[in-house]
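Engineer: Make a model of this:
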Amino acid sequence: MTGIAAGKPRRRRDMRPGGRESGGAGGRSLSWRKQKSVLIYEALTQDPVDVETLREAAVTEGGLLSQEIRRRVWPKLLNINVYSLPPKPGPALRANHRDCNQVLMDVRRSLKRFPAGMVEAERCALQEQLVDMILFVLGCHPQLHYYQGYHDVAVTLLLTVGLRLGTAMLQTLSTHHLRDFMDPTMERTRSVLNYLMPLIQSESPTLHEFLIRSEVGCIFALSWLITWYGHVLSDLHQVLRLYDFFLASHPLTPVYCAAQMVLMREEEVLRGVCDMPTIHQLLSRIPPDFPYETLISRSRSFFQRRPPCELPPLHSISAASFHSLQISSAQQRPDFVLRQQGTRPSDVPPARPQNTLVKLAVWGISASLGAAALAVTQTALEWGPDLLLRLF
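Structural biologist: Numbers count the residues shown, from 1 in each chain. This is a model prediction of the structure:
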C-alpha cells in the first residue's frame, strides 16, 4: 500500500512512537509527534513531493495528527493542485438535476455529521454548500450515479478542507476510490461487499463457518464501506483517522478494515446466539471504545498478507485505476513551486504576517535543532504561526 516514488529512491523513516530519531544538535530527541510533523513537512517540500513518506505518515500511528496537516497532505495523496481548483459550486447546478431531490433530503437529515454546538446559521450554510458540492461533481461526471451515503463522505471533506478543495477531492475520489459504488445499479457494490466473507475465511475458518450458519450476510457492513465509516461513527476524530488511512491506501482497504473489525470481535461473536437477528445487531453496533489504531495497524498487515491478487477475482474499477493515481501522485511539485506557477485561490487565505513572537520561535528552534530545522520552519510559517508555535 505504499506509493511509487519518482526519481531517486528515498529512505523510509520510522514514524512510530518507538522509532524516534535525533532531533538535532546535542542529540536532543523530539517527541514522536513532533518528529513525525517534521518528516511530513520535509516530504511536502521535496521536489517532487515525497508522497511515499506522506502515505506512510497517514497510515502509521496518529495518522496526520491535525486538521492543518490534513489540509496540506490530503490533496497530495490524491494528486490535486490546490492552486488550480474547480470553480466554486453554486445553487444554479440544482436546476433539473436528476438527483437533486434525493441529495437535498439526505443533506437535511445529516445533522449529526456537524459538530455539536455549531450555530444553526453556520450549519445551514454548510448544508447548502454540501448540496452544491455534490451536484457539481455529479454534473461534471454524468456517468456517476448518486447513492445514499455519498453525502457522508462529502461532508467529511467539506468540514476538513472547505468547499473548493473538498469539491476537487470529491471529484477524484468519485472517479477512483468510490467509483465502484457509483454505477447505475448496485451490482458492483454487492461484489465489493461480498469480498468480506472470503477475507474472514482466510484468517479464521471457524468464525467464517459460524457467520455462514447464522445467515447474517454482509449487509451490516454496507454503510461502513460506502461512507468510509462516516455514517456509523459519531466521533469526528475517529472518522478523520480512518480517512487518513483510506486516502493513503488501496481502494479495497475499507473492505479489509471491515473484515478485520469482525475478526477482532471473534470471541464476542462466537459467544452469541447463532442466528441472523442476533449477529446482525451485534456487528452493526461498533463499540464506542473500539481500538482504531490497532484496527488500522492490523488491517494494513492483513492487506499485505492477503493481497487482492490472492483472492477470487473482483472486477473493480476503483482497484484498476489505483496504479495510475499512484504514478501521477509521485510526480507532484511542492506547493511553493505551484504557487509561483499559478495564483492563490480566492478562498485560500494569504499567509499571516510573521510577528515578533513567531520570529523568536524560529530563532529558538533553529538555535536548538540546527540548520536542518530552517527549511522546516519556513514551511511551517507558510502554514501559519499558530501551527508553528504548537509544533515545537
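Engineer: What residues sit buried inside stretch 176-185?
Structural biologist: 176-182 (16 or more other C-beta atoms under 10 Å). Placement of C-beta: from N, CA and C, glycine included.
Engineer: What of stretch 148-159?
Structural biologist: 149-159.
Engineer: Out of those residues, list just those in helices.
Structural biologist: 150-159 (DSSP state H).
Engineer: Can you tell me which of those is closest to Arg241?
Structural biologist: Closest approach to Arg241 among those (C-beta to C-beta): Thr156, at 11.5 Å.
Engineer: Leaving aside the residues adjacent along the chain, what's closest to the closest one?
Structural biologist: Excluding its sequence neighbours, the residue lying closest to Thr156 (C-beta to C-beta, 6 or more residues apart in numbering) is Gly230, at 5.2 Å.
Engineer: Provide the backbone phi and psi angles at that neighbour.
Structural biologist: When read as degrees, to the nearest 10, the backbone of Gly230 gives phi -60, psi -30.
Engineer: OK, contacts around it?
Structural biologist: Contacts for Gly230 were tallied using C-beta atoms under 8 Å, 6 or more residues apart in numbering; they are 113, 152-153, 155-156, 239, 243.
Engineer: cool, Gln67 as well?
Structural biologist: 160, 240.
Engineer: 7 Å - rerun?
Structural biologist: Thr160 (C-beta atoms under 7 Å, 6 or more residues apart in numbering).
Engineer: Can you check the pLDDT for the residue nearest to the spatial centre of the chain?
Structural biologist: For the chain, Tyr243 is the residue whose C-alpha lies nearest the centre (C-alpha atoms, centre = their mean; 2.6 Å). Looking at Tyr243, its pLDDT reads 98.
Engineer: Could I get the buried residue list for stretch 209-221?
Structural biologist: 210-211, 214, 216-218, 220-221.
Engineer: Low-confidence stretches in the protein?
Structural biologist: For the chain, applying pLDDT under 70 flags the ranges 1-30, 342-392.
Engineer: before we move on, the earlier item: ok, the residue nearest to the centre of the chain - contacts?
Structural biologist: 156, 228.
Engineer: gap between Arg179 and Gln67?
Structural biologist: 27 Å (C-beta to C-beta, to the nearest Å).
Engineer: repeat for Val216
Structural biologist: 37 Å.
Engineer: got it, and Glu267?
Structural biologist: From Glu267 to Gln67 the distance is 36 Å (C-beta to C-beta).
Engineer: Skipping adjacent residues, who's closest to Phe136 in space?
Structural biologist: According to C-beta to C-beta, 6+ apart, the nearest residue to Phe136 is Pro89 (3.7 Å).
Engineer: before we move on, back to that, ok, of the contacts of Gly230, which one's closest to Val107?
Structural biologist: For those, the residue nearest Val107 by C-beta to C-beta is Val155; the value is 8.0 Å.
Engineer: how close does the residue nearest to that closest one when sequence neighbours are not counted sit to His151?
Structural biologist: Nearest-residue entry for Val155: Arg113, 4.8 Å, with adjacent residues in sequence omitted and distances by C-beta to C-beta, 6+ apart. Taking C-beta to C-beta as the measure, Arg113 falls 8 Å from His151.
Engineer: Check His250 too.
Structural biologist: Distance from His250 to His151, by C-beta to C-beta: 24 Å.
Engineer: again with Pro91
Structural biologist: 17 Å.
Engineer: and what of Gln102?
Structural biologist: For Gln102, the distance to His151 - C-beta to C-beta - is 10 Å.
Engineer: Next: Thr167.
Structural biologist: Per C-beta to C-beta, Thr167 is found 13 Å from His151.
Engineer: again, but for Thr172
Structural biologist: 17 Å.
Engineer: Same question for Arg109.
Structural biologist: Taking C-beta to C-beta, one finds Arg109 at 9 Å from His151.
Engineer: same question, Leu111
Structural biologist: 12 Å.
Engineer: what's the answer for His176, then?
Structural biologist: 18 Å.
Engineer: one step back: neighbours around the residue nearest to Val155, how many?
Structural biologist: Counted by other C-beta atoms under 10 Å, the residues lying close to Arg113 total 24.
Engineer: Torsion angles phi and psi at Ile200?
Structural biologist: Main-chain dihedrals, Ile200, degrees, to the nearest 10: phi -60, psi -40.
Engineer: meant to ask about Ser234
Structural biologist: The phi/psi pair for Ser234 (degrees, to the nearest 10) is phi -90, psi -20.
Engineer: so what's it closest to, chain neighbours aside?
Structural biologist: In space, Ser234 is closest to Lys112, 6.8 Å off (C-beta to C-beta, 6+ apart).
Engineer: List of residues touching stretch 217-229?
Structural biologist: 147, 149, 152-153, 181, 189, 192-194, 196-197, 231-232, 239, 242-243, 246, 254-255, 258, 280, 283-284.
Engineer: repeat that for 8 Å
Structural biologist: Contacts for stretch 217-229 (C-beta under 8 Å, 6+ apart): 147, 149-150, 152-153, 156, 178, 181, 189, 192-194, 196-197, 231-232, 238-239, 242-243, 246, 254-255, 257-258, 261-262, 276, 280, 283-284.
Engineer: ok so, going back, could the contacts of Gly230 go into a markdown table alongside distance to Leu163?
Structural biologist: Output for the contacts of Gly230, formatted as a markdown table (distance: C-beta to C-beta, whole Å):
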| residue | distance to Leu163 |
| --- | --- |
| Arg113 | 16 |
| Asp152 | 17 |
| Val153 | 15 |
| Val155 | 12 |
| Thr156 | 13 |
| Val239 | 19 |
| Tyr243 | 17 |
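Engineer: will you turn the ones in helices among the buried residues of stretch 148-159 into CSV that also has distance to Pro307?
Structural biologist: Formatted as CSV, those follow (distance: C-beta to C-beta, whole Å):
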residue, distance to Pro307
Tyr150, 28
His151, 32
Asp152, 28
Val153, 25
Ala154, 30
Val155, 32
Thr156, 27
Leu157, 28
Leu158, 33
Leu159, 33
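Engineer: ok, these vs Tyr41, which is closest?
Structural biologist: The nearest one, if we look at these relative to Tyr41 and count by C-beta to C-beta, is Leu157, at 22.6 Å.
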